[in-house]
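**Q** this one's structure only:
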């Protein structure tokens, strides 16, 4: 008897299910982000940072999704290494560029927030540097995969690198404790959040909206990758059929 | 709405996020259409995947 994961891991079932889910996820993401943006701009200014704290509503969800994206890449890669299922590889391959995009957005928005608050766009601070390393790790995974022609070998090698690279996540998480100018976690700290409810509510709505957007982007990218592999399989079948026809007269 | 002296930084951050995410969505949609068109063209030429040929008895 097949488990739920095995049933969902069937590419044909995945394409049918994702086709149903994708429009709903897109609408939910759009609505949540629209509401979140309204709440963000209606929120009162921070008592210390004034309105510049509004950058938080795009910076913090981008940072969370940069890390969530890598967790997803590493988890899918681990799944591929253990079960050798092609859909796990499709998931890892397509999550990497999305994670890289959110990491870049985290760095850019953080830089735009840093200039008015710290007086500099960039500092070689433990938190900033470790997130930059995460961005390079994403680029490394994308580059490694695209540099190897054999798809199975590329999948295995990038999966190993992705699993080993997960060490960057605790480094990023605890880097604020290492003489960092970056502020401590405000939302996820033990006890109660160190952020007023009027600022926390829009942040959580934006975070959920952008997370749903991440899932929708990932599903769409996975669908495209499944189609790309079908194109490759069809072209191979066409070449093999042509080769068979050419051999027939000689038989 | 008055965003104070750092309005440029705030608006730039939101604009970059909006532009980057919109561009990525557009690229995903066009890429999906392109892959589907390639599949349609190959299938119109009579090319079938082995799994489908087996199902058809071919």
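**A** Cool, got the structure. Keep in mind that what you see is a predicted model, and the values were worked out from it rather than measured.

**Q** which SSE is residue A:223 in?
**A** Per DSSP states H and E, residue A:223 falls inside helix A:197-247.

**Q** what parts of the stretch 151-251 of chain A come near chain B?
**A** With CB under 8 Å from any CB of the partner chain as the criterion, the stretch 151-251 of chain A meets chain B at residues A:213, A:217, A:220-221, A:223-224, A:227-228, A:230-231, A:233-235, A:237-238, A:241. For glycine as for every other residue, the C-beta is placed from the backbone atoms N, C-alpha and C.

**Q** ok, of the residues you listed, which come out buried?
**A** Neighbour counting by 16 or more other CB atoms under 10 Å in any protein chain shown classes A:213, A:217, A:220-221, A:223-224, A:227-228, A:230-231, A:233-234, A:237 among these as buried.

**Q** any chance of CSV for the residues you listed, columns pLDDT?
**A** Putting those into CSV (pLDDT from 0 to 100) gives the following:
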residue, pLDDT
A:213, 98
A:217, 98
A:220, 97
A:221, 97
A:223, 97
A:224, 97
A:227, 95
A:228, 95
A:230, 93
A:231, 94
A:233, 91
A:234, 92
A:237, 87
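
**Q** if I pick the residue of chain B at minimum distance from chain A, what's in contact with it?
**A** As assessed by CB to the nearest CB, chain A sits closest to residue B:35 within chain B, at 3.6 Å. Going by CB atoms under 8 Å, 6 or more residues apart in numbering or on different chains, residue B:35 touches A:224, A:227-228, A:230-231.

**Q** what pLDDT does it get?
**A** What the model reports for residue B:35 is a pLDDT of 96.

**Q** spatially nearest residue to it (excluding sequence neighbours)?
**A** residue A:227 (3.6 Å; CB to CB, 6 or more residues apart in numbering or on different chains).

**Q** and what of residue B:11?
**A** Leaving out its chain neighbours, the residue that sits closest to residue B:11 by CB to CB, 6+ apart is residue B:3, at 7.3 Å.

**Q** tally of neighbours for the one you found?
**A** For residue B:3, the neighbour count with other CB atoms under 10 Å in any protein chain shown is 16.

**Q** quick one: contacts for the nearest residue to residue A:9 once chain neighbours are set aside?
**A** Leaving aside its chain neighbours, residue A:9 sits nearest to residue A:87 (4.9 Å; criterion: CB to CB, 6+ apart). Contact analysis of residue A:87 by CB under 8 Å, 6+ apart lists A:9-11, A:14, A:222, A:226.

**Q** repeat that for residue A:225.
**A** A:90, A:93-94.

**Q** how about stretch A:57-76 against chain B, any contact?
**A** Yes - applying CB under 8 Å from any CB, one finds stretch A:57-76 touching chain B at A:58-59, A:62.

**Q** with secondary structure and neighbour count added, can I get the residues you listed in CSV?
**A** As requested, the residues of stretch A:57-76 next to chain B are arranged in CSV below (DSSP: H, G, I helix; E, B strand; the rest coil; neighbours: other CB atoms under 10 Å in any protein chain shown):
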residue, secondary structure, neighbour count
A:58, helix, 28
A:59, helix, 24
A:62, helix, 27
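
**Q** what is the neighbour count of residue A:141?
**A** Neighbours of residue A:141 under the rule other CB under 10 Å: 27.

**Q** no, scratch that, I was asking about residue A:130
**A** For residue A:130, using other CB under 10 Å, the count is 21.

**Q** secondary structure element for it?
**A** Per DSSP H and E: residue A:130 is located in helix A:126-147.

**Q** picking up where we left off before, and the helix holding residue A:223, how far out from the chain's middle?
**A** 13 Å (CA atoms, centre = their mean, to the nearest Å).

**Q** likewise stretch A:36-45?
**A** Worked out by CA atoms, centre = their mean, stretch A:36-45 lies 25 Å from the chain centre.

**Q** is any residue of that stretch near chain B?
**A** Yes - against chain B, stretch A:36-45 shows contacts by CB under 8 Å from any CB at A:41, A:45.

**Q** neighbouring contacts of that stretch?
**A** Contacts of stretch A:36-45 (CB under 8 Å, 6+ apart): A:51, A:53-54, A:57, A:198-199, A:201-203, A:205-206, A:208-209, B:1, B:4.

**Q** only the buried members of those: can you turn that into a PyMOL selection?
**A** For the buried members of those, the matching PyMOL selection, counting by 16+ other CB under 10 Å, is:
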select buried, chain A and resi 51+53+54+57+199+202+203+205+206+208+209
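
**Q** any idea which element residue 17 lies in?
**A** This is for chain A. With DSSP H and E as the criterion, the answer for residue A:17 is helix A:11-42.

**Q** chain B, not that one
**A** helix B:7-44.

**Q** and that helix with helix A:197-247, angle?
**A** 30 degrees (axes from the mean of the first three to the mean of the last three CA atoms, to 10 degrees).

**Q** in helix B:7-44, what counts as buried?
**A** Buried-residue list, helix B:7-44, by 16+ other CB under 10 Å: B:9-10, B:13-14, B:16-17, B:20-21, B:24, B:28, B:31-32, B:35, B:38-39, B:42.
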